[in-house]
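Student: for reference, the sequence and a predicted model appear below.
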Amino acid sequence: MVTLLAFLVVWAALVVPNKPWLFTPGAFVRLPLEGIVVVMLAAVLPTRARRLVAWVLGPVLGLLVLVKVLDLGFFMAFDRPFNPVDDWSYASIGTETLRDTFGRRDADLAVAGVVLIGIAVLILPTLAVFRLTGAAASHRRLSLRTVTALAATWVLCWAFGAELVSGANVASLGTAELAVDEVRAVQSDLEDRARFSARIHDDRYQDTPGSRLLTGLRGKDVLLVFVESYGRLALEDPSVSPGVNAVLAAGTRQLATAGFSARSGWLTSSVFGGGSWLAHATLQSGVWVDSPGRYDELVGSDRVTLTKAFGRAGWRTVADVPSDTRDWPEGTSFYRYAKIYDRRNLGYRGPKYAFASMPDQYVLLALQRLELAKPQRRPVFAEVDLVSSHAPWTRIPPLVDWSLVGDGSIFHRLPVDTTGRSDLAQGYGRSIEYSLRALFSFVARYGDKNLVLVVLGDHQPSRVVTGSRPGHDVPISVIARDPAVLRRIDGWGWINGIRPDEQAPVWPMSAFRNRFLAAFG
């Protein structure tokens, strides 16, 4: 029984795919050439050599299984494989996010569980290889007959290209191919760093004086509003889109009544499922930032961001980042914000909502109180992060009359929408609806003729909601009361209103900075 279990562990380790959409029963009935070779070596080598092979191949197999597990996790969360050069930093980021969302105790238990799984993934294949090779050596004649038959079958399947119903080849070289792919990925990543560095420093706006920047927005307050996880899926997937589209339709009417119009299109985000700060950096800097390594290199440069451009042109620059709980050095050293508002100085006294430290409604009202309502001030450029739609979508706040918000204490006494605890997709949809309703209501109540908004999603939600591969597109809208603002972007071909349709242009997120500065410069 133990030998059979060891065989199954080795077999599964060799054939398990590293992509979730290939994770089918058919994937486990393939013939892995690596397994055939291991059994053959165990049957023909002397004892000392056989043990050496087991000592080498066992840990290697365990390491490759760990890479497969990491790939599966990253494909589920971010729609890309694990990057062995950059992605180790996600360990600390993920731990911090878990603590912010679920509390320190539950987060520490989850981290301990992940560590134990990682250790098991490394050790169990090694132990299974030792057991399997020992059994093969003890039954040499039977092992050789079996492995010869399997080898012949493998050669025939490979020669004739035999495939399973799923399309996978019966004759498998998956583990060897994965190892080669990982090596190539590391090599490609290292080569890409030089190209990325050159792109960072190739900046057409580096020396543009402030007097020539953003002349078409003089006197306007400009809000760059990121709606967390607001992806194309929210507008097109039947499981969530009816409610979101109803909110967009009502919002269009609400904004029109207040005198506002909008143009909308699509951007392809540099990230998927998470890594919001990478998407923010991509949009602001005009270069494709899809990894922590690229981000670190970018923020160490002097590339012009939208925030820098507005600051150079005379705007007061503000960041409204409600879930930050500690200093953000890049906010001042790279983005050059004059003021950063976060969890510590927004004055909120209410409850948390899963990851979100405060409701989006409060975030917007705090910006109005602290900046926009001040008399005799400079125009404001503010990045506003709305995070009530951040995973896990299990606690969604209610929208209340603006006069009742106060310091947020009222939310302690109000009911919470917990739909996401039983239906994740519906919880996601409800959270997007809430964030959009709060934003539209804010514009209708507090917006004046000098308010301009750029509203967009940062990325699609993770695969726990999207399931199949839905792409990386997110909606973006420019909203303004002054018709002259929207006339500036007539050449973009964007759709009228706040809901882009299938005919609306799709740009890379990194293209927005240059087009925006050109349109309004």
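Tutor: Cool, the structure landed.

Student: isn't residue 74 up against residue 82?
Tutor: Yes: with contact defined as Cβ atoms under 8 Å, residue 74 reaches residue 82; the gap is 4.6 Å. Every C-beta, even on glycine, is put in place using the N, C-alpha and C of the backbone.

Student: so who does residue 318 touch?
Tutor: Residue 318 sits next to 337, 338, 339, 340, 341, 367, 371, 380, 381, 382, 383 when contact means Cβ atoms under 8 Å, 6 or more residues apart in numbering.

Student: highest neighbour count among those?
Tutor: residue 381 (27 neighbours; other Cβ atoms under 10 Å).

Student: in the sheet, which strands lie alongside the helix or strand harbouring that residue, parallel or antiparallel?
Tutor: Per DSSP states H and E: residue 381 is located in strand 380-386. Strand pairing for strand 380-386, using DSSP bridges, gives strand 221-227 (parallel), strand 316-320 (parallel).

Student: after it, heading C-terminal, what element do we hit next?
Tutor: Next element after strand 380-386 (DSSP H and E): helix 424-446.

Student: as a quick check, tell me the outermost residue of the chain.
Tutor: Here the centre of the chain is the reference, and by Cα atoms, centre = their mean the most remote residue is residue 141, at 52.9 Å.

Student: what about whatever helix or strand it lives in, distance to the chain center?
Tutor: For residue 141, the element it lies in under DSSP H and E is helix 140-160. Put simply, helix 140-160 sits 44 Å off its chain's centre (Cα atoms, centre = their mean, to the nearest Å).

Student: packing partners for that helix?
Tutor: If contacts are counted by 3 or more Cβ pairs under 8 Å, 6 or more residues apart in numbering; DSSP states H and E, helix 140-160 sits against strand 31-32, helix 33-44, helix 104-138, strand 171-172.

Student: look up how far residue 464 lies from residue 421.
Tutor: 13 Å (Cβ to Cβ, to the nearest Å).

Student: okay, these two: which has more neighbours?
Tutor: residue 464 (15 against 12).

Student: burial check on the closest residue to that one other than its chain neighbours, number of neighbours?
Tutor: In this structure, residue 464 finds its nearest non-sequential neighbour in residue 424, 6.0 Å apart by Cβ to Cβ, 6 or more residues apart in numbering. Residue 424 has 18 neighbours, counted by other Cβ under 10 Å.

Student: these two touch, right, residue 424 and residue 430?
Tutor: No: here residue 424 does not reach residue 430: they are 10.8 Å apart, not a contact under Cβ under 8 Å.

Student: hey, what's in contact with both of those two?
Tutor: Joint contacts of residue 424 and residue 430 (Cβ under 8 Å, 6+ apart) are residue 393.

Student: wait, residue 313 sits on residue 205?
Tutor: No: using Cβ under 8 Å, residue 313 makes no contact with residue 205, being 11.0 Å away.

Student: so for these two, which residue has more residues nearby?
Tutor: For residue 313 versus residue 205, neighbours defined as other Cβ under 10 Å are more numerous around residue 313 (22 against 19).

Student: how close does that one get to residue 81?
Tutor: Residue 313 is 41 Å from residue 81, by Cβ to Cβ.

Student: do the same with residue 403
Tutor: Residue 403 sits at a distance of 50 Å from residue 81 (criterion: Cβ to Cβ).

Student: picking that back up, need the pLDDT of the residue farthest from the centre of the chain.
Tutor: According to the prediction, residue 141 has pLDDT 77.

Student: ok, residues contacting the strand holding residue 381?
Tutor: 221-228, 276, 280, 284, 306-307, 310-311, 315-323, 337, 360, 363-364, 367, 371-372, 435, 438-439.

Student: tell me who's in contact with residue 57.
Tutor: Going by Cβ under 8 Å, 6+ apart, residue 57 touches 38, 129.

Student: run the chain-centre distance for the helix or strand containing it.
Tutor: Element membership for residue 57, per DSSP H and E: helix 47-78. Helix 47-78 sits 27 Å away from the centroid of its parent chain (Cα atoms, centre = their mean).

Student: give the buried residues for it.
Tutor: 50-51, 53-54, 57-58, 60-75, 77-78 (16 or more other Cβ atoms under 10 Å).

Student: how about stretch 440-459?
Tutor: Residues of stretch 440-459 classed as buried: 440-444, 446-447, 450-459 (neighbour count, 16+ other Cβ under 10 Å).

Student: mind giving me the domain split of the chain?
Tutor: With domains defined by automatic domain parsing, the chain comprises 2-190, 208-516.

Student: just those: most buried one?
Tutor: domain 208-516 (a mean of 19; mean count of other Cβ atoms under 10 Å).

Student: returning to what we had before: kindly calculate the angle that the helix holding residue 141 makes with helix 104-138.
Tutor: 110 degrees (axes from the mean of the first three to the mean of the last three Cα atoms, to 10 degrees).

Student: now the angle from helix 140-160 to helix 33-44?
Tutor: On the basis of the same axes, to 10 degrees, helix 140-160 is oriented at 150 degrees to helix 33-44.

Student: which parts of the stretch 251-400 of the chain are helices?
Tutor: Remark: helices assigned in the stretch 251-400 of the chain by DSSP state H, counting those that start in this stretch are 276-285, 292-299, 306-312, 329-333, 360-367.

Student: what lies in contact with the shortest one?
Tutor: Put plainly, it is helix 329-333. By Cβ under 8 Å, 6+ apart, helix 329-333 touches 299, 319, 321, 337, 340.

Student: export it to PDB, keeping only CA atoms.
Tutor: Output of helix 329-333 as PDB, limited to C-alpha atoms (Å, rounded to 0.1, in the frame of the first residue of the first chain):
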ATOM      1  CA  PRO A 329       7.900  56.900   0.600                       C
ATOM      2  CA  GLU A 330       7.300  56.600  -3.100                       C
ATOM      3  CA  GLY A 331       4.300  58.900  -2.800                       C
ATOM      4  CA  THR A 332       6.600  61.800  -2.100                       C
ATOM      5  CA  SER A 333       9.900  60.800  -3.600                       C
END
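
Student: now do that helix, average pLDDT.
Tutor: What helix 329-333 shows for mean pLDDT is 95.

Student: ok, for residue 426, nearest residue in space, not its chain neighbours?
Tutor: residue 419 (5.0 Å).

Student: what's the spacing between that neighbour and residue 400?
Tutor: Residue 419 is 19 Å from residue 400, by Cβ to Cβ.

Student: kindly report the same for residue 370.
Tutor: 20 Å.

Student: likewise residue 5?
Tutor: Using Cβ to Cβ, one gets 58 Å for the distance from residue 5 to residue 400.

Student: give me the beta-bridge partners of residue 267?
Tutor: With DSSP bridges as the rule, residue 267 is bridged to residue 474, residue 507.

Student: that one reaches residue 460, doesn't it?
Tutor: No: under the criterion of Cβ under 8 Å, residue 267 makes no contact with residue 460, lying 11.4 Å away.

Student: joint contacts of those two?
Tutor: Taking Cβ under 8 Å, 6+ apart as the contact rule, residue 267 and residue 460 both touch 473, 474.

Student: and the residue nearest to residue 464, what does it touch?
Tutor: When contacts are counted by Cβ under 8 Å, 6+ apart, residue 424 touches 392, 393, 464, 465.

Student: cutoff 7 Å now
Tutor: Contacts for residue 424 (Cβ atoms under 7 Å, 6 or more residues apart in numbering) come out as 393, 464, 465.
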